[in-house]
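> Based on what follows, work out the 3D shape:
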Amino acid sequence: MAALLPSPFPLQFTTKCKLGSCRLIHISLHNKKRTRFQHNPFVVRSMCSSKTEKKQVWIWTEKKEVMTAAVERGWGTFVFHSLSRELAAEWSSIALLRPLFIEEGGIFDGDHTKVATFIEVSSPEQLENLLSLNDQAENVVVNLLDWQVIPAENIVAAIQGTQKTVFAISKTSSEAQLFFEALEQGLGGVVLKTENVEAIFELKDYVDRRNNEGSVLELTKAIVTNIQRVGMGDRVCVDLCSLMRPGEGLLVGSFARGLFLVHSECLESNYISSRPFRVNAGPVHAYVGVPGGKTSYLSELKAGKEVLIVDQNGMQRTAIVGRVKIETRPLILVEAKIDEDIHTCYSILLQNAETVALVASPGVGRQNRAIPVSSLKLGDEILVRVQGGARHTGIEIQEFILEK
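You can find the predicted model right below:
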């Protein structure tokens, strides 16, 4: 029997204010939330920042290797001291850069147009100045002189309400990540001040993974062609540090060429309480989708690793693994094919249990369904992610491969 998943719906309520009667409508639009306050004849709208909003990165370095690595990864805005104009000119002759210079009163471009206000902060009280800035520059660069006293959350809280893009100077990739993630929304950008090439690699990898969140993966309808009980095996339960919603799960499969959308245990059951942080994902050999278009073996997952959560519409987000449980359980083999390629078989093994489910393909009379493997039938339509099958350390490569 299929389990029904709730559809998004608007939440509305009416309140009284000095302007009269106002109505608040909250609408969830996948990775964005829009709140509209309606009043006749006035309409006031506010849009909160998406967690997946793309962040900006500026680089502050005097090391040529760091500059080269940053430019090769698409970061072309560099910050220099005002006395380093010769270095900026030298680098601009060999690479396409946007040099900015720290001078008295702010940060300026080569035409001496003010690009950002520059503020040094050493006490919580100084953060209040961010809200009272009356400056035409669209950006604010904050230099924290005492990281221990001024945490990232304080800065994010202080800038709420400002229309400026606020950058924080970070000395490491991990510091930059904290600024991007603080209080969920994070800052609009960071200035990575480093002489370490590895910091560029690490931050770029993080930013790419973050930018992929909220983007849509293409999922394909597949038809179940074989269901077979195969005996006992070591299966993996993946417990995440995030709660999953109905329709969400992990991409898992025996072959990297086709990963099945395995539903989380967020739905209520007659057999066990819901566990919205868990996916009973499959045996130790199976591939699981991870950020960056890569895969990992389920047996490789452990606390602190990252995986991709995907919903029935293909919307993706990243989650951290909190715990992995490997136990011996009875398994069932599920094979499926897609209409466009009836010769290629996709397969997955799962624990044979009522709480383990695959996400069904949407269709007439089949909207928003999760199908327990114990109720799965030949001909059922489920969702798979079709991709390249050849992998090296989880990275897709182009080569001949035969898996069966």
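> What separation do you get for Gly314 and Ser347?
Noted for Gly314: a distance of 21 Å to Ser347, by C-beta to C-beta, to the nearest Å. C-beta: built from backbone N, CA, C; applies to glycine.
> residue ranges with poor pLDDT in the stretch 201-350 of the chain?
Within the stretch 201-350 of the chain, the stretches with pLDDT under 70 are 212-214, 340-341.
> mind listing the strands for it?
Here the stretch 201-350 of the chain has its strands, by DSSP state E, counting those that start in this stretch, at 220-240, 248-255, 258-263, 278-283, 287-290, 294-297, 306-311, 316-338, 341-351.
> closest one to Ser93 among those strands?
Closest approach to Ser93 among those is made by strand 294-297 (37.2 Å; C-beta to C-beta).
> Adjacent strands (with direction) for the closest one?
Paired strands of strand 294-297, with direction, are strand 287-290 (antiparallel) (DSSP bridges).
> ok, back up a step: compare Gly314 and Ser347 (neighbour count), which wins?
Applying other C-beta atoms under 10 Å to Gly314 and Ser347 shows that Ser347 carries more neighbours, namely 19 against 16.
> ok, that one - contacts?
Counting by C-beta atoms under 8 Å, 6 or more residues apart in numbering, Ser347 makes contact with Gly253, Ser254, Phe255, Gly258, Leu333, Val334, Glu335, Ala336.
> wait, which of those is closest to Lys305?
Nearest to Lys305 among those: Gly253, at 18.0 Å, using C-beta to C-beta.
> so what's the closest one closest to, chain neighbours aside?
The shortest distance from Gly253 to any non-neighbouring residue, by C-beta to C-beta, 6 or more residues apart in numbering, is to Leu259 (4.1 Å).
> Please, where are all the strands along the stretch 51-200 of the chain?
Counting by DSSP E, counting those that start in this stretch, the strands of the stretch 51-200 of the chain are 56-60, 77-81, 98-103, 106-108, 114-121, 139-144, 165-170, 189-193.
> Which strands and helices lie in contact with the third one?
On a contact count with 3 or more C-beta pairs under 8 Å, 6 or more residues apart in numbering; DSSP states H and E, strand 98-103 meets strand 77-81, helix 85-92, strand 106-108, strand 114-121.
> nearest to Asn280, of those?
Nearest to Asn280 among the helices and strands packed on strand 98-103 is strand 77-81 (45.7 Å), distances taken as C-beta to C-beta.
> what sits up against the closest one?
With C-beta under 8 Å, 6+ apart as the criterion, strand 77-81 contacts 56-61, 67, 70, 87-88, 91, 97-102, 107, 141, 191, 193.
> State the distance from Asp111 to Lys171.
Counting by C-beta to C-beta - Asp111 and Lys171 are separated by 29 Å.
> picking that back up, so which of the contacts of Ser347 comes closest to Val386?
Gly258 (5.5 Å).
> Reformat the helices and strands packed on strand 98-103 as a markdown table; add distance to Val324.
Formatted as a markdown table, these follow (distance: least, C-beta to C-beta, whole Å):
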| stretch | distance to Val324 |
| --- | --- |
| strand 77-81 | 40 |
| helix 85-92 | 46 |
| strand 106-108 | 46 |
| strand 114-121 | 41 |
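> Mind putting those into CSV with mean pLDDT, mean neighbour count and distance to Lys221?
Listed next are the helices and strands packed on strand 98-103 as CSV, based on pLDDT from 0 to 100; neighbours: other C-beta atoms under 10 Å; distance: least, C-beta to C-beta, whole Å:
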stretch, mean pLDDT, mean neighbour count, distance to Lys221
strand 77-81, 93, 20, 44
helix 85-92, 93, 15, 51
strand 106-108, 90, 21, 52
strand 114-121, 85, 19, 49
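> The top helix by length along the chain vs strand 316-338, what angle?
Ranked by number of residues, the top helix in the chain under DSSP state H is helix 197-212. If you take axes from the mean of the first three to the mean of the last three C-alpha atoms, to 10 degrees, helix 197-212 sits at 60 degrees to strand 316-338.
> Not counting helix 197-212 itself, show me its contacts.
Residues outside helix 197-212 that contact it (C-beta under 8 Å, 6+ apart): 52, 54-55, 57, 59, 63, 65-66, 69-70, 73, 75, 172-173, 176-177, 180, 192, 194, 291-292, 306, 316, 318.
> Buried residues in that helix, which are they?
Across helix 197-212, burial judged by 16 or more other C-beta atoms under 10 Å covers Val197, Ala199, Ile200, Glu202, Leu203, Lys204, Tyr206, Val207, Arg209, Arg210, Asn212.
> Backbone dihedrals for Cys241, please?
Phi and psi for Cys241, reported as degrees, to the nearest 10, are phi -90, psi 10.
> Show me which positions of stretch 165-177 end up buried.
Applying 16+ other C-beta under 10 Å to stretch 165-177 flags Thr165, Val166, Phe167, Ala168, Ile169, Ser170, Lys171, Thr172, Ser173, Glu175, Ala176, Gln177 as buried.
> and that stretch, average pLDDT?
Mean pLDDT, stretch 165-177: 87.
> Pull out the CA atoms of that stretch and give them to me as CSV.
C-alpha atoms of stretch 165-177 as CSV (Å, rounded to 0.1, in the frame of the first residue of the first chain):
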residue,chain,number,x,y,z
THR,A,165,26.4,42.8,1.0
VAL,A,166,28.6,42.2,4.0
PHE,A,167,31.9,40.4,3.7
ALA,A,168,34.1,39.1,6.5
ILE,A,169,37.8,38.6,6.3
SER,A,170,38.7,34.9,6.8
LYS,A,171,42.1,33.5,7.3
THR,A,172,41.1,29.8,6.6
SER,A,173,38.6,27.9,4.6
SER,A,174,36.9,26.7,7.8
GLU,A,175,36.4,30.2,9.0
ALA,A,176,34.9,31.2,5.7
GLN,A,177,32.4,28.3,5.9
